[in-house]
Every structure is written in structure tokens, then in C-alpha cells.
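*Asks:* The sequence and its predicted three-dimensional model are supplied below.
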Amino acid sequence: MVAAIRIAMVLVFFSVTRILFWLFNLHYFSDLESADLFRLFARGILFDLSAVMTINLPYILLVFIPFRFREGKWYMRLANGYFYSVNIFGMALNLADTVYFRFTLKRLTADIFQYLGVGGDFNALVPQFIKDFWPVMLVWIVLSVLMVWLCLRVRAAASSKSKSVGPGYYVAQVTLFIIALATTLVSIRGGFGKEAISFRTASAMTPVKTMPLLINTPFSLLVSFNNTPVVQRSYFGSEQELAAVYTPLHPAGSDTLKPLNVMIIIMESFSKEHIGSMNRDLSGGRYEGYTPFLDSLIGESLVFTAFANGKTSIQGVPSILSGIPTLMDQPLVQSPYAGNKFTGIAGLLKPYGYSSAFFHGGTNGIMSYDTFMPKIGFGQYYGRTEYANEKDYDGKWGIRDEEFLQFMAKKVNTLPQPFVVAFFSLSSHHPYEVPGKYRHQFKKGDLPIQQTVRYADYSLARFFHAVRHESWFFNTLFVITADHTSEGFYKWYNSHAGQYAIPLVFYKPGSNMKGMRSDIAQQTDILPSVLGYLGYNRRFIAFGNNLFDDNGDRFSVSYLSGVYTLIRNGFSLEYNGVKTTAFFDLKKDPLQLHNLAGKDHPEMERQEVFLKAYLQQYNYRMIEDRLMVE
């Protein structure tokens, strides 16, 4: 009975952390009606029960084992020590996600442990997070103390009861042990269904945007540990039938390749929301944005509203440079398929005499870029080590954008032409600090990140000023985009679609390639678009399309917590691998408030068929190592 009461108490505390999760991220869930919120909280108990029973299984076995030695003082200290430790840690995970969720839009999954190993200088970042989000730490301490105090009260009340010993005692204890174990296992599975509860179960209950309110972080971690990265799908019976709907195989072109230089600039967390020229309708037409230089460049460029294929840098950069998205819980570069044969923009252009270099001011080894870039053909890697001047280190992530971009300007001048260069910035990243000399130059915005976005934009302006008179400048195609988005402020940018919206800018100095396009794009379109613009005349694999081909398809695919999202033809479809769980008409319902799944909509089946073809191609080629034309 004591154990049952304690488990019930933990469930109550998990519900409290869910409420806190909602309150800390109220801006993101502000469009939820009270009835929907209550339903999510009520259904969330099922996932809390599964997680709580899983992490407390050793405790349950220890206290219900039908032998008298369990009543020993040291034995009970061991059992109680485990109980308090594991549940305090479980609450810590839930509360940590109240903050981390803003960056990824999902509960923590098992890939966080791989990311921690290659994600940056975490000995400096952890204290910074504690400093910035100390209220969360304080709440955790208060809840932990309260939980321990309440549980100790239960123990004290129970200890005064005498227990008789005899055959009947052991029969009762064995029976109780069997009941407790059976109840625990059923709770872990989420009931008596054929399958244990999972992300798929959650996605069937609510759209992917509100799934984080339904589940909890220990559940998310436990489920993702057991997930197979990708599984073979057989929606279509033959390769011919499959290819007729979708194929990532791009045929050889008939043009002669134009040996233009290519420079792909990936700006950290540069959501479309931060770009003034792409948001003329915000604030009654008075919105200026935070990127004055990029706005000036956009006036001379061809611009698309693009959607990121993921919510983290380790997903976005490979999508951009290799044309392969991450449609699984593990990042491609750290998944079991990282050893597959595939290449990227630099590798495809190398046979045409292109030199290449990747620039990122982060600590060498961050997110495995130092091993991934040579794999996709980049000949040189420039990071914090190559910069070799620690006075420009920001103390958290790497060399500040302004100085590192000036360093890149000098290095690019030494590359033989034609070249392909990729740059990935880092300064517009939490903890959102600008160098001291600029703290009063760049005004703050609605979000903490926007002051650092101004600084990164200024750094980019200084780079273009430094290279605009170089001999290679007018012979270069510049592509400017973002690795992923930041948290949003305006309502549409907190919708599921809007939380993936990024700029995609093609700038060719002196050309007439200009305009703001209304058709959508995605990060994996960049590689085929660049190759199409150059007149590349060999076959290649990329899970995107040539945006310079007016007859090409336009769509975006992303993956989050077991759910695939397709944006195409003005609709958004969410699919959990078995069925469509959400469907929205983005023209009539841009905030995605009215789920049309389950209703008779003629477009839903067409979009589902297309997404199934896309996923079958992706999984088949990933599993069978067919991501490259030999």
C-alpha cells in the first residue's frame, strides 16, 4: 500500500510538471481551447503511468518481493534511495524540457546523448543555462523537497502497523507480488492492446504540435531508445509503380556545365520571422525585422519561403549540403546509416574541377562535421582550430561570426576557381550574447535571439563588403538560408508549419535573377537547384527538386517525434507511418486549428499517397545503401 501511494504521488507530480511545461510555453500553445487542454492533460496520465511504472520497476520489485529480508533497515534504505533518486531525476527531465522544447519543438529523445558528445563546450553551456533559467531549477528543488516530504509522511504512517507472520502471510505476499508485477507491466504497455504505447499512439490522439503536452520526457527518452531508425516500407508493389509517384533520382541534364563558383551561407536560427522584407504584412505593415543587410540583398535576389527539414543544426546542415533529410529520431550523421555511400554538393562538383571548403567557427568535431564534410566531398575544413586565435572565442560555441567571416574572406581568396564553399554561422545561438562593444548598437527585439540576429546580419554585411571587389565575386552564385528556426513570436510562426519557415535566397551579382516567389521550397531543394542552375549533366540522388524548373513539384517533408509532415499544394498532412493523423488546409486555416483528418477531403488521399512514396524511397535507399549513383 505504501508503494502504491508513493507511485500515485509521483503521478501527481508528473501532472504538475506537465502544467508547468504548458505555462512556460504558453505562447506556443495559446490557441488551445480549454476543452482540448483538459483532454490532453487527462490522456497524458496514460503516458505518465507508463513512464513512472517503467522507471520505478526496480523499486516495485524490491518492495514487493515476498521475503522478510525486504523489511531490513539497509534494504529499505536502498529501495527508498532508488525511488527518490529516479523520480527526482524524472521530474528534472520534465522541467528541463520546459526550456529545451523551445529550440526543438519536441520532448527530449535518445539522440540527445549523442549530441551531448559532439555538441559544443557543454562545461561552459550548462552553467549558462542554469543562470538563464534559474526559475526552472528553483521549481525543481521545491517540487523535489515536497515530494520527498510527502513520501516520508506515508512511510511514517505505515511503520506503526504490525504485521503477523505465518503461511498465510507468504501466500498473501506472493499474491500481492504477482498482482503488483502484472499491474506494472500492463501499465508500462499502456493497456492490453496489441502494441505498447508509443509516439504513434500519441500522434493518433493529437496533432504533432500538441504531442509534447500529451507525453512526458522520460517516456519520450525510453521509447526513442528502442526505436529502429527506419523500417522497410512496402506501400507500392514495384519500383516502377513507386517511381511513377516519386523518385529522388534526378536524370542527367543536357546542358554544358557553367563553372560558376558556389557559396552556400547557412545562418544559425535565421527564421523567416526575423526577415523584414519577407514579413511586410506584420504589425500593420510597420514591421522592420532584424536583418537590414539581408533585406537589401533580397531586393537583388530570387527568394523563396522555404521550410526546414528539421529543427536542429545537425539535421539542417546535411539536408542543405547533401540533399538528404533526417526522417528518423537519430541525426543522419550519427545514425547507423552514416557509413552509407552518399555525397553532397562538393563531391558532385569535384569531377568538374571544383575546389571546396567548409567553414564553421565551432570547436572542431562539433556535431561530427569534421568527419561528415570530407565524406560529402569538401576538401578543406576550417574551424576553431584552424582560426587559431582564442581571443575571438565567445566562451560557449566558437569564434564569433564577425571575425570568422573575415577569416573566411581571406581563405576563399586562396581557393582555386571554380570553388564550392559552405559557411555555417554560430553567433545567433543561445545564450544570445553580442560582443560588448555592440550591446548598445544592436537593439533588442521581441525575442532574446533578435539582438544576436542583428549582429550576425552585420557580420554578414562586413563579409560582403570585404569580398565585393574580389575577382571571383561576380562569378559566384550565393545561396543564403538557415539551418533551422528559432522560437516564434507572431502567431503564424508558432503554428506547426510556421515553426519551420526559413528564408532561401539565391543571389547572383549582376544577374536579373530577382523576385519573391510564392511557391514553397525546402532545404533539400538547394542541392538540385544549384546543380540545375549550373547545368549539371550527370544523374544524382537528392530528396528535393530544382527550383529553377518551373514544372517541378513543390513540397516540404519533415519528421518530429514519430510523425512525418508533408506541406504540398497548400495543405499540411501529418502521418505516423500507419495513418494520417492530421490534415489542414493552409490557405483557409493558416494557424492549423481545424483538423480535417477523418473527414472526406479529396486532397487528403492524394497527399498521403505522395508522402508514402517519398517515405518508401527514403527508407529503402537508406536501408539498402542506395543513396548515390555509382
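*Replies:* Noted; the coordinates are in hand. Numbering: from 1, shown residues only.
*Asks:* partners of the nearest residue in space to Y500 that is not next to it in sequence in the sheet?
*Replies:* What sits nearest to Y500 in space, not counting adjacent residues and going by C-beta to C-beta, 6 or more residues apart in numbering, is F307, at 4.3 Å. All C-beta spots, glycine's among them, are computed from the backbone N, C-alpha and C. Here F307 sits in beta bridges with A501, Q522, going by DSSP bridges.
*Asks:* Assign a three-state SS to the closest residue to T247 other than its chain neighbours, would you?
*Replies:* The shortest distance from T247 to any non-neighbouring residue, by C-beta to C-beta, 6+ apart, is to Q617 (6.4 Å). For Q617, the assignment made with DSSP: H, G, I helix; E, B strand; the rest coil gives helix.
*Asks:* Next up, the contacts around Q617.
*Replies:* Residues near Q617 by C-beta atoms under 8 Å, 6 or more residues apart in numbering: 242, 246-248, 543.
*Asks:* which among the residues you listed end up buried?
*Replies:* 242, 246, 248, 543 (16 or more other C-beta atoms under 10 Å).
*Asks:* Quick check, the first one in contact with F236.
*Replies:* It refers to L242. Yes: judged on C-beta atoms under 8 Å, L242 makes contact with F236 at a distance of 4.0 Å.
*Asks:* where do the contact lists of those two overlap?
*Replies:* Common neighbours of L242 and F236 (C-beta under 8 Å, 6+ apart) are 613, 616.
*Asks:* which of the contacts of Q617 lies closest to Y438?
*Replies:* F543 (39.2 Å; C-beta to C-beta).
*Asks:* mind listing what the closest one touches?
*Replies:* Counting by C-beta under 8 Å, 6+ apart, F543 has contacts 248, 323-325, 524, 557, 614, 617-618.
*Asks:* For it, report the pLDDT, please.
*Replies:* At F543, the model reports a pLDDT of 98.
*Asks:* Then the one 5 residues further on?
*Replies:* Reported pLDDT at F548 in the predicted model: 95.
*Asks:* So it sits against L531, correct?
*Replies:* No: taking contacts as C-beta under 8 Å, F548 lies outside contact range of L531: 9.8 Å.
*Asks:* more neighbours, the two?
*Replies:* Higher neighbour count among F548 and L531: L531, with 24 against 16, using other C-beta atoms under 10 Å.
*Asks:* Check which helix or strand that one maps to.
*Replies:* In this assignment (DSSP states H and E), L531 forms part of helix 526-534.
*Asks:* Extract the C-alpha set from stretch 136-145 and format it as CSV.
*Replies:* Output in CSV follows, covering the C-alpha atoms of stretch 136-145 (Å, rounded to 0.1, in the frame of the first residue of the first chain):
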residue,chain,number,x,y,z
VAL,A,136,13.1,26.2,-13.5
MET,A,137,15.9,25.0,-11.2
LEU,A,138,14.2,26.6,-8.2
VAL,A,139,10.9,24.9,-9.1
TRP,A,140,12.6,21.5,-9.4
ILE,A,141,14.2,21.9,-6.0
VAL,A,142,10.9,22.9,-4.4
LEU,A,143,9.0,20.0,-6.0
SER,A,144,11.7,17.5,-5.1
VAL,A,145,11.7,18.6,-1.5
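*Asks:* Show me what counts as buried in that stretch.
*Replies:* 136, 139-140, 143-144.
*Asks:* do stretch 551-569 as well
*Replies:* Neighbour counts using 16+ other C-beta under 10 Å place 552, 554-568 of stretch 551-569 among the buried residues.
*Asks:* Kindly check the end-to-end length of that stretch for me.
*Replies:* 14 Å (C-alpha to C-alpha, to the nearest Å).
*Asks:* per-residue confidence averaged over it?
*Replies:* Stretch 551-569 comes out at a mean pLDDT of 95.
*Asks:* how much distance is there from it to the middle of the chain?
*Replies:* Chain-centre distance of stretch 551-569: 15 Å, with C-alpha atoms, centre = their mean, to the nearest Å.
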